[in-house]
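In: Model the structure of this input:
(one chain, ligands or ions: 1)
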Amino acid sequence: MEIIRTISWMKETVRQARAENHVGGFIPTMGALHEGHLSLIRRARVDCSRVYASIFLNPAQFGPNEDLSKYPRTFERDVEQLTDAGVDVLFAPEANEIYPQGFHTYVNVEGLSERLEGRSRPGHFRGVSTVVLKLFEIVQPQFAYFGRKDAQQVRILQQMAIDLNLNVEIVVCPIVREGDGLALSSRNTYLNSEERRAASVLQHALDEARRELNAGTRDALQLQTAIGKVLSKETLARVDYVEIVDAESFQPVSSIGARPVYALLAVFIGKTRLIDNLFIAPAAGQNVPVSSL
Ligand code: PAF
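Out: Next up, the predicted model:
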């Protein structure tokens with residue numbers, strides 16, 4: 001695997017690959033890689049003849065109260081994992097390569113960026129959209145791969161791609177989970193053993209939502225209450241939000257019908273904030289909602 005640090009070198013590498021008619025797939029990351037990232041790479045390996053990954057711990061998406069300096073940094077191990085997974089080129093720029101002095105341009109996907117994660121983490125999505133647009137511009141991928149765990153992020157990036165006429169297809173991949181159902185996240189490493197045990201309550205709450213749906217519940221408030229009840233039983237858990245939203249607008253819905261929706265959770269376990277979700281879409285040809293990963 002080739003490791004590239006500068007934008008000019010990366011652009012030249014991509015230009016050559018495109019001249020050779022390679023199909024480029026891209027997995028942007030902030031490092032601290034886990035099986036979730038590796039599943040995206042494996043998917044890209046199937047679809048594309050050239051797989052690019054990036055590791056860039058993006059300061060613009062961290063708020064003043066979020067500790068960027070504590071974010072796990074595991075570069076050497078990440079490089080080994082990316083090499084084993086078959087990545088062709090890793091783009092790993094320094095912060096001043098992406099945000100040189102005098103940098104003034106930011107991208108904001110209005111409406112979708114303000115609620116839920118955007119309300120709890122002001123400025124977060126502005127930082128994500130800006131860096132992802134820059135990375136797309138540098139890597140010029142035909143396909144870019146994101147996990148469904150960050151459902152709002154994916155939706156915002158899809159909207160950005162539509163609004164700015166980007167020539168990239170955003171591919172949404174399933175959430176990868178631990179044995180007890182906890183969604184993989186770089187932030188799981190912050191949990192001590194007691195908190196790690198408690199964190200499985202997110203999955204239990206989503207399991208309860210699935211049971212309610214299978215029993216015929218279509219009322220969003222009823223579903224939300226059932227999720228909240230399970231979460232409230234875990235003393236280490238503090239709910240930031242539980243919402244049932246339309247999967248396109250991310251606005252709350254009152255009932256579950258023919259349109260896809262998400263049950264979204266953000267929960268503090270101790271000081272660590274975890275998110276998870278259940279995607280609920282009508283089964284093909286039926287009007288019955290089923291949940292999927
Ligand atoms: O999901 C992430 O890891 C980050 O938000 C991303 C997309 C790599 C942008 O920094």
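In: need the residues of the stretch 101-250 of the chain near the ligand, please.
Out: Taking CB under 6 Å from any ligand atom as the contact definition, the stretch 101-250 of the chain meets the ligand at Val128, Val131, Val132, Asp150, Gln153. All C-beta spots, glycine's among them, are computed from the backbone N, C-alpha and C.
In: Remind me which helix or strand the last one belongs to.
Out: Using DSSP states H and E, the element containing Gln153 is helix 151-163.
In: Which elements pack onto that helix?
Out: For helix 151-163, the contact count by 3 or more CB pairs under 8 Å, 6 or more residues apart in numbering; DSSP states H and E identifies helix 117-120, helix 124-139, strand 143-147, strand 169-173, strand 261-269 as packing neighbours.
In: Turn those into JSON lines, columns for mean neighbour count and distance to Pro64.
Out: Below are the helices and strands packed on helix 151-163 laid out as JSON lines (neighbours: other CB atoms under 10 Å; distance: least, CB to CB, whole Å):
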{"stretch": "helix 117-120", "mean neighbour count": "18", "distance to Pro64": "14"}
{"stretch": "helix 124-139", "mean neighbour count": "21", "distance to Pro64": "12"}
{"stretch": "strand 143-147", "mean neighbour count": "22", "distance to Pro64": "26"}
{"stretch": "strand 169-173", "mean neighbour count": "17", "distance to Pro64": "29"}
{"stretch": "strand 261-269", "mean neighbour count": "23", "distance to Pro64": "18"}
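In: Asn21: which of the ones you listed is closest?
Out: Closest approach to Asn21 among the helices and strands packed on helix 151-163 is made by strand 143-147 (15.0 Å; CB to CB).
In: Adjacent strands (with direction) for that closest one?
Out: Next to strand 143-147 in the sheet, as set by DSSP bridges, lie strand 24-29 (parallel), strand 169-173 (parallel).
In: before we move on, back to that, average model confidence for the helix holding Gln153?
Out: Averaged across helix 151-163, pLDDT comes to 98.
In: so how far is Pro174 from Phe125?
Out: Noted for Phe125: a distance of 22 Å to Pro174, by CB to CB, to the nearest Å.
In: Just the strands from the stretch 1-150 of the chain, written as ranges.
Out: 2-4, 24-29, 50-55, 89-91, 143-147 (DSSP state E, counting those that start in this stretch).
In: Reformat these as JSON lines; add distance to Ser186 and mean pLDDT.
Out: Formatted as JSON lines, those follow (distance: least, CB to CB, whole Å; pLDDT from 0 to 100):
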{"stretch": "strand 2-4", "distance to Ser186": "20", "mean pLDDT": "99"}
{"stretch": "strand 24-29", "distance to Ser186": "9", "mean pLDDT": "98"}
{"stretch": "strand 50-55", "distance to Ser186": "11", "mean pLDDT": "99"}
{"stretch": "strand 89-91", "distance to Ser186": "17", "mean pLDDT": "99"}
{"stretch": "strand 143-147", "distance to Ser186": "12", "mean pLDDT": "98"}
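In: between those, which gets nearest to Thr235?
Out: Among these, strand 143-147 comes nearest to Thr235, with 29.2 Å by CB to CB.
In: Please list the residues outside stretch 31-41 that contact it.
Out: With contact meaning CB atoms under 8 Å, 6 or more residues apart in numbering, stretch 31-41 is reached by 27, 29, 51, 53, 55, 57, 71-75, 77-78, 81-82, 85-87, 145-147, 149, 173-176, 183-186, 188-189.
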